[in-house]
Structures are given as C-alpha cells and as structure tokens.
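Undergrad: Build the 3D model from these lines:
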Amino acid sequence: MAVTLISWLYILITAFFTGLLMRKTVKKGFGYEINSIDAILVSGIVFMTVFAEVCSIFYPVGAEANIVLIVICIFSLFLNRKEIKDIILNSRPSVSFFIKAAVFAIVIAAISSDVPHDYDTYLYHAQSIVWIEKYGAVKGLANLHNRFGYNSAFMCLQALFGQWITGRQMHQMNGFLCLFMALFACSDNFITNKKAPEAEDLLKLSALAYIIYAADSISSSGSDIMTMLLLIYLFAKWIHLYRNGSGYPLDIKTDAGRIKQGITEKNAVSYALLSMLAVFLCTVKLSAVPAVLLSLYPVCVLLKKRKFKTVAGFTVTALFIGLPYIIRNIIISGYLIYPMESLDLFDPDWKVPAEVCRVDRIDIMKFGRGINGLDGDFSLTGWLQVWFRSLEFVPRLIVCIGMISLAVFVIMLVKAAVKKDRQALLRAFVTGVSGAGFLYWLLSSPLMRYGIVVVLIFNAVTIGLMLDEKSRRVYTVFLVCCVFFMLSGLTDNYKGKQINMIFPEDYASFECKEVKLPAGSGSVTVYMPAEGDQSGVDVFPATPEINPDYTELRGRDFSEGFRDKMSNRK
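TA: Okay, here's the model as predicted:
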C-alpha cells in the first residue's frame, strides 16, 4: 500500500509538470490559458499517455521512457518556474480538502493494492501490459491471441508506470484516476451549500457512485475506469463552462435590455479543448466515440468567425492524439481498428484473417447483449428483454430513468425548436450528445460494467439542464441512496480483508503448460493455461490457446511478431 501511494505521488508530479507544458503550448498556440489544477493534471495525463503510445511504437516502455519523461518534467519546471507558485497559491485548497484527500488516498490505496479481480485482466490485460513493457508494439500480436488486438492507450500508460519502479508488476493506475475524480467530485460541498444541485453536481455524484460500483475493478488493469471517469469529467467541465457564461452562441438581450456577451473565440477554444479530451478517450475505449460529437459546437462557432487557423490547429491536435493509436492498431493487428474487418486498407503479412475479425466482433456484440450460442434470439425485442432481466436492481432502475430521460429530452428539444430558444437549443445539444452515447451503448453491446456511466451521464445532464429544481432534488436523493446502497456492499466485501502495508499484492498465478513454436533453427516457449483461459504475469508470454499448425513467428524471436500460417503473405 505504501508503494502504491509513493507511485501515485510520482504520477501526480509528472502529470503536473507535463500538464504545465501543455498549458504553455495551448496558450502559445490558441491564446487560451488553462488555470485549474484539475485541468492541468488531465492535460498531463493525456500527454503522458500519448507519449507512452509513441514510445511503444519504437521501443519497450520502461525505465528509458521514464528517464525521457523526467527530462521533460525538468524542462517544464525550468520553463514554468515563474508561474508554478501562482498556480498553486491560486488553487487555495482548504484544510477540509486535505482531510478528504488523506481519507480518500488511504481507502482507495488499500483497494488498489488488493489482488486484481477482473476476469479480463487475467485473460489479456496483464499480458498486454507486459508485452508493452518488454517489446513495445509487436507486429501481428493479435495472431497470438485475438484479444491482444484490443488496443487501448490505457495499457501504454499503465506500462509507463509499471514494473520498472519496483521490479514487481504494478496495477495502480486505475486507483490514481479514482482518487483524482473522487477529489474532483468533492471539491465543493454541493449538497449543502446550494438550494438545488445542478447538472455539474449530479455528474460529480455520479462519479462517486461509479467509483463505488467499480471498486472491485480498481486493483485491476482494465480500461473501463479511465474511460468512464474522464467521460464524467468531460461533461462536468463542459456544463461548468456553460453555467459560467461561456455558452451563448450569439449576443442575447436580457429582460433588462442589457446585452450579454456572445461566445468569443476564447470561449470556443475552451470547448474545443474539451473536445480533444473526447478524441483521446476514443483511443482508450472505442465506446466513447459519441462524445466526439461535442466538437461540432466549437467547430461551427470558429468556422462562423472564420478562424480557420484555429480549426486547423485543433485538427492537427486531434491527429497528434489519435495517430499513435491508429499506428499501434496497424502494427498489432494489421487493421485501422480491430476487430472492424471492413476497415481493411493495408495488407501486411501479419494481418489477422478477416474471418477471425468478423467472428470476434460478433462475439463481443453477443456477449454484451447476453446472447449465448448460435441459437440465441438476435432480434432487438428478443435480446433486449433477456438483457434487461439480467440486470441487478440498481442498474435496472438507472436504465429505466434513462428511458424516461430520453422522452423528456425529445419533448424539451421540440419546445426549444418551436420557440427558437438558442439557450435551450444549446442545452439540448449537450444533452443530445449524452443521449447519443446512451443509445449507442444500448443498441450495440450494452455491457453494464461500463454502460452504467453512460446512462448516469445522460440522466444527470437531462435532469440537471432540462428539468426543474424539484426534479433535481429528487434525483439527487436517488443518487445518494444508490451511493450508500452500493457502499454497504463494498464495506461487506472488504471487511476484515488483510492488506499488505508495503507492496501491492501480486497478480494471481495459474498453472500453465509449455508450447513450443518454431523460431529460425530453434524454438521459443509460449505458455498456455492448463485449465481455463486465464494466466497471470509470472509466466510470459501466455495465451489462452495456441496451435503451432496455425500460428508462427515472423522471425527468430518475439520482437519480430506473429502471423497466421493459413493466410501467410510472404
């Protein structure tokens, strides 16, 4: 546990200094200054993740990458030495904030230091991270195990702060993100110091609810937590901008006859920066794609103001964020995005066969919808009914509220369009984007472990922006009850559990057997579980299933990658 806290301190420092570098870059490139500590830290997290992805394309991500990162941080310290003191002083954290930080840090560190629990962590997460640490991006790795093709920027970030620090495989990154969002959510006493919580407050409560809901996954290495928490952060900051007067598309005359300042280029830039966070989240998990629709608003405003250079600048920024992810996809699987076999633009010898991609994509959809086997009911009314029955009590209630929110949104949108109310239309826009995320999740692969946040966001935005004060109060009480209901279950799970006070617990071990693959004039050893399909990190490389008759090395060792024998394109 102590090592987890120390590693968090290192992540915090590097995120702060790389975030300051991004702050300087944004100010110089777009004329906008990022001032809040939370935005600086998120900017740093995005930078470090993209940095780790770029490193993985050329080299293993380990000590050498961290040396470069430390040099970047030292450069940032020198470059921002005059501003650092002012930034820290202007944040003015209270004594109560430090108390909350200490309590959250201890509790979340204890959970994060537990043995990883998630099934998928032992199916492919842990091994994927070790591949990045040892070899970086490996050509055709998805041929060794199709799930290694599920490329996520989060895996590179975890590898950056992984084994090289202690010599043990770390799994602390999700815990750090939970601590960050818990403190962000509790940065003000929104339950007690306002007459009625607003949409931003409901989103913060949703973040707390999700952290408790996903507590068993905090010690694991999946990408769900990062995606879901930063999605909440994205919508909370977007609404914060709107509520602070940055959301008016045109000059608006008030009842008193005064003119409120219309949205400026500076305000549009602030929305566009948040849109870049949406682009980044797509590289962590593709289910975040609907959030990119938020970029339509600032792009339209900037184009209307003929700020073509600014739009071009954000286009380049989006490419900088997304290109390493795309390149890693091509290296690992041969496709732009795996497992989308329709995006077939390249033909390297390591490309995963299209039929494997198609079957994998269908299996993902079936699993999320609760369809078992080939005889399941694939019709919308068939699988949706089975899926809904399988939900637990609280998630089922949240989904039902989501359906009601969908009806409320449609009614409010029609009213705003009829009245030509620009403010109402802007509220409808951000609500509609959150609703698009809800529908995309529901109609594609509605797995609740990450979909619950998509529904919570839609409910919070709809009720917070489009309904009256009384409705917000009722929904706040509902969220608080959910938090305590789930917290009671979490307390039972961890009551009396022994936590290592120094080191985080290691990944679980599984009995594995050796399989020999031909390599040049010799052979290499690959491990396969003796039973089931899970393996830890004590043996490497491991895969649930491998047949030397179908899979082969491209060269003499693992660094040269793998290919499918049946579709060999020598």
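
Undergrad: Now do the nearest residue to Ile37 once chain neighbours are set aside against Asp363, distance only.
TA: Computed as C-beta to C-beta, 6 or more residues apart in numbering, the closest residue to Ile37 that is not its neighbour in sequence is Ser91, at 4.9 Å. Where C-beta positions appear, they are placed from N, C-alpha and C, glycine not excepted. Remark: distance between Ser91 and Asp363 (C-beta to C-beta, to the nearest Å) = 47 Å.

Undergrad: got it, and Trp8?
TA: 36 Å.

Undergrad: of those two, who's got more company?
TA: Trp8 (21 against 13; other C-beta atoms under 10 Å).

Undergrad: Work out the gap between the strand or helix carrying that one and the centre of the chain.
TA: Element membership of Trp8 [criterion: DSSP states H and E] is helix 2-30. Centroid separation between helix 2-30 and its chain, computed with C-alpha atoms, centre = their mean, to the nearest Å, is 18 Å.

Undergrad: what bits of the stretch 401-550 of the chain have low per-residue confidence?
TA: 495-496 (pLDDT under 70).

Undergrad: residue ranges for the helices of it, please.
TA: 422-443, 448-466, 469-494 (DSSP state H, counting those that start in this stretch).

Undergrad: Okay, domains of the protein per the record?
TA: 380-494, 512-567 (automatic domain parsing).

Undergrad: Format those as CSV; extra columns: distance to Tyr210 and mean neighbour count.
TA: Output for these, formatted as CSV (distance: least, C-beta to C-beta, whole Å; neighbours: other C-beta atoms under 10 Å):
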stretch, distance to Tyr210, mean neighbour count
domain 380-494, 5, 18
domain 512-567, 26, 16
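
Undergrad: Mind putting the ones you listed into CSV with distance to Asp506?
TA: Formatted as CSV, the domains of the chain follow (distance: least, C-beta to C-beta, whole Å):
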stretch, distance to Asp506
domain 380-494, 19
domain 512-567, 8
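
Undergrad: closest one to Leu20 among those domains?
TA: Distance to Leu20, taken as C-beta to C-beta, is lowest for domain 380-494 among the domains of the chain, at 28.9 Å.

Undergrad: Endpoints of the closest one, how far apart?
TA: End-to-end distance of domain 380-494 (C-alpha to C-alpha, to the nearest Å): 39 Å.

Undergrad: in stretch 74-92, what counts as buried?
TA: 76, 80, 87 (16 or more other C-beta atoms under 10 Å).

Undergrad: Just send those residues back as CSV, with pLDDT too.
TA: As requested, the buried residues of stretch 74-92 are exported to CSV (pLDDT from 0 to 100):
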residue, pLDDT
Ser76, 95
Asn80, 90
Ile87, 83
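
Undergrad: Would you tell me which one of those residues comes nearest to Asp120?
TA: So of those, ranked by how close each gets to Asp120 (C-beta to C-beta), first place is Ser76, at 35.3 Å.

Undergrad: surely Ile218 meets Ser113?
TA: No. Using C-beta atoms under 8 Å, Ile218 makes no contact with Ser113, being 9.6 Å away.

Undergrad: Among these two, which residue is more densely surrounded?
TA: Of the pair Ile218 and Ser113, Ile218 is the one with more neighbours under other C-beta under 10 Å, namely 28 against 25.

Undergrad: hang on, isn't Lys305 packed against Val269?
TA: No. Counting by C-beta under 8 Å, Lys305 does not reach Val269; the two are 11.0 Å apart.

Undergrad: Walking through the stretch 251-400 of the chain, point out its strands one by one.
TA: 252-253, 259-260 (DSSP state E, counting those that start in this stretch).

Undergrad: Which one of the ones you listed has the poorest average confidence?
TA: Per-stretch mean pLDDT for these is lowest at strand 252-253 (a mean of 34).

Undergrad: between Ile218 and Ser113, what contacts are shared?
TA: Gly175 (C-beta atoms under 8 Å, 6 or more residues apart in numbering).

Undergrad: one step back: what would the helices of the stretch 401-550 of the chain look like in TSV with distance to Ile99?
TA: Shown next, in TSV, are the helices of the stretch 401-550 of the chain (distance: least, C-beta to C-beta, whole Å):
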stretch	distance to Ile99
helix 422-443	33
helix 448-466	27
helix 469-494	19
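
Undergrad: The ones you listed: which one's closest to Phe180?
TA: helix 448-466 (15.5 Å).

Undergrad: helices and strands around the closest one, which ones?
TA: helix 199-213, helix 224-241, helix 393-419, helix 422-443, helix 469-494 (3 or more C-beta pairs under 8 Å, 6 or more residues apart in numbering; DSSP states H and E).

Undergrad: among those helices, which is nearest Lys27?
TA: helix 224-241 (17.4 Å).

Undergrad: Could you pull out the buried residues of the closest one?
TA: 224-241.

Undergrad: elements contacting the helix holding Trp8?
TA: Using 3+ C-beta pairs under 8 Å, 6+ apart: helix 2-30 touches helix 37-58, helix 63-79, helix 81-91, helix 95-112, helix 173-185, helix 265-284, helix 308-333.

Undergrad: now Ser488: how far from Cys482?
TA: For Ser488 relative to Cys482 (C-beta to C-beta), the value is 11 Å.

Undergrad: which one of the domains of the chain lies closest to Ile57?
TA: domain 512-567 (13.3 Å).

Undergrad: Centre of the chain to that closest one, how far?
TA: 30 Å.

Undergrad: and the residue nearest to Ala182 when sequence neighbours are not counted, how many neighbours?
TA: Nearest residue to Ala182 in three dimensions, chain neighbours excluded: Phe104, at 4.8 Å (C-beta to C-beta, 6+ apart). Number of residues near Phe104 (other C-beta under 10 Å) recorded here: 19.

Undergrad: Phe429 versus Phe104, what's the distance?
TA: Taking C-beta to C-beta, one finds Phe104 at 34 Å from Phe429.

Undergrad: Please tell me how far the residue nearest the centre of the chain sits from Asp421.
TA: Central residue of the chain (C-alpha atoms, centre = their mean): Thr227, 1.8 Å from the mean position. Thr227 sits at a distance of 33 Å from Asp421 (criterion: C-beta to C-beta).

Undergrad: Next: Ser445.
TA: Relative to Asp421, and taking C-beta to C-beta, Ser445 is found at 36 Å.

Undergrad: rewinding a little: from what I see, the residue nearest to the centre of the chain and Ala288 are in contact.
TA: Yes. Contact between Thr227 and Ala288 holds when scored by C-beta under 8 Å: they sit 5.5 Å apart.

Undergrad: joint contacts of those two?
TA: Leu281.

Undergrad: So, low pLDDT: which residues of the protein?
TA: 164-166, 189-195, 245-266, 372-378, 495-496, 567-570.

Undergrad: run the last query once more with 50
TA: 247-263, 569-570 (pLDDT under 50).

Undergrad: And the helices and strands packed on helix 448-466: which comes nearest Tyr124?
TA: Closest among the helices and strands packed on helix 448-466, using C-beta to C-beta: helix 224-241, at 13.8 Å.

Undergrad: and that closest one, how far from the chain's centre?
TA: On C-alpha atoms, centre = their mean, the centre of helix 224-241 falls 9 Å from the chain's centre.

Undergrad: If I take that helix and helix 37-58, what angle do their directions form?
TA: 140 degrees (axes from the mean of the first three to the mean of the last three C-alpha atoms, to 10 degrees).

Undergrad: same for helix 224-241, what does it pack against?
TA: Looks like helix 224-241 contacts helix 37-58, helix 153-160, helix 173-185, helix 199-213, helix 265-284, helix 422-443, helix 448-466 (3+ C-beta pairs under 8 Å, 6+ apart).

Undergrad: Switch those over to CSV; also include distance to Arg554.
TA: Below are the helices and strands packed on helix 224-241 laid out as CSV (distance: least, C-beta to C-beta, whole Å):
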stretch, distance to Arg554
helix 37-58, 17
helix 153-160, 22
helix 173-185, 31
helix 199-213, 42
helix 265-284, 26
helix 422-443, 37
helix 448-466, 34
